[in-house]
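Novice: Just to be clear, the model below is a prediction. Sequence and coordinates:
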Amino acid sequence: QVQLVESGGGLVQPGGSLRLTCAASEWPLRNYAMGWFRQAPGKEREWLAAILSTGGITLYADSVKGRFTISIDNAKNTVYLQMNNLNPEDTAVYSCAGDRLFAAVVKAEAEYWGQGTQVTVSS
């Protein structure tokens, strides 16, 4: 069973940056897709970014395009989310997800999910 563990969340001031990490215990397939999501209190889960394990294809939600960058390290079974120019509206629990299908990740139908890490943007 694949386990995903996020880390790197915390408190950051507006305009600041954070890098989130999602480590997979293993990955049974050679090719797979990973993504990042967030959920703020009282709001629905929002897809943010997705990437293929080959690293050749990435996709971003309009809300984070140009500020967030997803990347992957296959040797470490780890995916990252670099978040820049954060604002209070970015406050949420951030989770990663993985699936063999890119579309499944983008549609939040991924097979594997992490527990999430809290990101709070406040002065």
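Specialist: Thanks, I have the structure now.
Novice: Quick check: beta-bridge partners of T69?
Specialist: With DSSP bridges as the criterion, T69 is bridged to Q82.
Novice: okay but it is in contact with Q82, surely?
Specialist: Yes - contact criterion CB atoms under 8 Å: T69 and Q82 qualify, at 4.4 Å. Quick note: C-beta positions are derived from backbone N, CA and C, even for glycine.
Novice: what about the two, which has more around it?
Specialist: Using other CB atoms under 10 Å as the criterion, T69 and Q82 rank with T69 on top: 17 against 14.
Novice: Relative to N85, how far out is that one?
Specialist: Computed as CB to CB, to the nearest Å, the T69 to N85 distance reads 12 Å.
Novice: same deal with A75?
Specialist: 29 Å.
Novice: Looking only at neighbour counts, state which of the two leads.
Specialist: In this view A75 and N85 are compared by other CB under 10 Å, and N85 has more residues nearby, 12 against 6.
Novice: Now that one: phi and psi?
Specialist: With angles defined as degrees, to the nearest 10, N85 sits at phi 50, psi 50.
Novice: What of F102?
Specialist: phi -60, psi -40.
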